[in-house]
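Enquirer: Starting from these lines, generate the structure:
(chains A, B, C and D)
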2 protein chains.
Amino acid sequence: MQHTENLDYVFAALADPTRRAILARLAGGEATVNELVVPFALSQPTISKHLKVLERAGLVSRGRSAQFRPVRLNAAPLAEAAQWLGDYRRFWTESFDRLDSYVNDLKRKEKRRGKRQKRR
Amino acid sequence: MQHTENLDYVFAALADPTRRAILARLAGGEATVNELVVPFALSQPTISKHLKVLERAGLVSRGRSAQFRPVRLNAAPLAEAAQWLGDYRRFWTESFDRLDSYVNDLKRKEKRRGKRQKRR
DNA sequence: GCATTATATAGCTATATAGTAATATAGCTA
DNA sequence: TAGCTATATTACTATATAGCTATATAATGC
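Expert: Sure thing, here's the model as predicted:
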């Protein structure tokens, strides 16, 4: 595809509820790994793995303070994702959806009558 | 993680560039499976599988017209996703310069990634 | 019934992911 | 130095995903 490869990582990262919860937690301020482990009933290495996925997507970055590696939210990739979604905003209203399917229904009927043809 | 479970499927569906391209195509109007196969250099079963993933996420629905199963965009789940992202909007509008440096960073990484060829 | 077309399903391979326990590393502190 | 704490890495399971080819199903038209 083109240069949207980072969206692969961003959306993939957001597809896991644990990772979304981690981001929600970080929205309240940076946290250490162990602080992130506590609420999840998951092992520390598992959380570290999730953090690596979030880091690959650019959604978190790590500091260094003594033996702590504080994690903080980096929302920039979310802006990218939101921008991608924004292209579909016009399809969201139900009235438009109904109009759309109505129009498409007409197209389909016309296609059947008019035999095989390329669309628009 | 109860009533956000749908987001798992939606974001997972959006994580694949082929599926995002299918949605982009459907934004221009509904299409048959074979019409969706053409631009991708992928087999028809592979596209059918992608459509199943999109359907599970509620992002497309299928009609029935003769032996065709026309696929059409259903953008409602995208609204959900956008709403989720909206909660983080303040984090990227507050610091636009950080987005800028993030994008520059991406460009650098992409250049490096292009040298050692990759994956799939 | 038979052939054609559109799509779905089955069965397979290869790779990725989420989880685990055990261990290693790095930085404090006494 | 030794010992403690925080985090990362390793090695291993189990499951999911993306792709393929081959085949099955469904609807149409002759």
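Enquirer: For chain A, which residues are neighbours of DNA strand C?
Expert: Within chain A, the positions near DNA strand C by Cβ under 7 Å from any atom of the strand are A:12, A:15-16, A:18, A:41-43, A:45-46, A:49-50, A:53, A:66-67. Glycine gets a C-beta too; all of them are placed from N, C-alpha and C.
Enquirer: Please identify which pair of those residues lies farthest apart.
Expert: Across the residues of chain A next to DNA strand C, no pair lies farther apart than A:15 and A:66, at 33.5 Å, counting by Cβ to Cβ.
Enquirer: re the thing from before, check the residues of chain A next to DNA strand C one by one and keep those near DNA strand D.
Expert: Near DNA strand D, judged by Cβ under 7 Å from any atom of the strand, the entries from the residues of chain A next to DNA strand C are A:45, A:49, A:67.
Enquirer: Out of those, which is nearest to residue B:93?
Expert: The shortest approach to residue B:93 among these belongs to residue A:49, at 30.6 Å (Cβ to Cβ).
Enquirer: returning to that earlier point: neighbour-wise, which one of the ones next to DNA strand D among the residues of chain A next to DNA strand C leads?
Expert: Among those, the one with the most neighbours (other Cβ atoms under 10 Å in any protein chain shown) is residue A:49, at 12 neighbours.
Enquirer: ok, and for the helix or strand encompassing that one, which residues are buried?
Expert: Using DSSP states H and E, residue A:49 sits within helix A:44-56. Buried residues in helix A:44-56, counted by 16 or more other Cβ atoms under 10 Å in any protein chain shown: A:47, A:50, A:51, A:53, A:54, A:55.
Enquirer: mind listing what's buried in stretch A:80-91?
Expert: Neighbour-count burial for stretch A:80-91 [16+ other Cβ under 10 Å]: A:80, A:81, A:82, A:84, A:85, A:88, A:91.
Enquirer: Quickly name whichever of these is closest to residue A:35.
Expert: residue A:81 (25.8 Å).
Enquirer: Can I take it that that closest one is in a helix?
Expert: Yes - per DSSP: H, G, I helix; E, B strand; the rest coil, residue A:81 lies within a helix segment.
Enquirer: quick one: contacts for it?
Expert: Neighbour list for residue A:81: A:7, A:10, A:11, A:14, B:85 [criterion: Cβ atoms under 8 Å, 6 or more residues apart in numbering or on different chains].
Enquirer: What is the neighbour count of the residue lying closest to residue A:12 once chain neighbours are set aside?
Expert: Spatially, and ignoring its direct neighbours in sequence, residue A:12 is nearest to residue B:15 (3.9 Å; Cβ to Cβ, 6 or more residues apart in numbering or on different chains). Residue B:15 sits with 20 neighbouring residues when counted by other Cβ under 10 Å.
Enquirer: Nothing else from me, thank you.
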